[in-house]
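Visitor: here is a sequence with its predicted model. Questions after.
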Amino acid sequence: MAYKRAGLTPADIDVREIYDRYTYTVLVTQDYGFCGKGEGGELAARGALVPGGALPTNTGGGQLSSFYLWE
């Protein structure tokens, strides 16, 4: 519904800043339409989620990127 309201599709997204409260969160990108159900692990394994990959993810946010500071 969010894509439709914005007039976008997953193919229009260049960088994904998905909040990664837990490590598995990046793997559930299938729920955001970036890959098919059950394909999140393969997407990560082939390097699509790293800087320079097809779907760079969390380049400056969330715990995976070390910006979630604890006191």
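Guide: Ah, there it is. Numbering: from 1, shown residues only.

Visitor: which residues touch E42?
Guide: By Cβ atoms under 8 Å, 6 or more residues apart in numbering, the residues touching E42 are C35. To be clear about C-beta, it is placed using only N, CA and C from the backbone, and glycine gets the same treatment.

Visitor: from G53, how far off is it?
Guide: The gap separating E42 from G53 is 13 Å, by Cβ to Cβ, to the nearest Å.

Visitor: and D14, by the same measure?
Guide: Counting by Cβ to Cβ, the gap from D14 to G53 is 12 Å.

Visitor: of those two, which one has the most company?
Guide: Set D14 next to G53 and count neighbours by other Cβ atoms under 10 Å: G53 wins out with 13 against 6.

Visitor: not including adjacent chain positions, what is the nearest residue to that one?
Guide: Distances taken as Cβ to Cβ, 6 or more residues apart in numbering place G47 nearest to G53, at 5.1 Å, with adjacent residues excluded.

Visitor: secondary structure class for the one you found?
Guide: Assigned by DSSP: H, G, I helix; E, B strand; the rest coil, the conformation of G47 is coil.

Visitor: which residues of this structure score low on pLDDT?
Guide: For the chain, the stretches flagged by pLDDT under 70 are 19-23, 26, 59-71.
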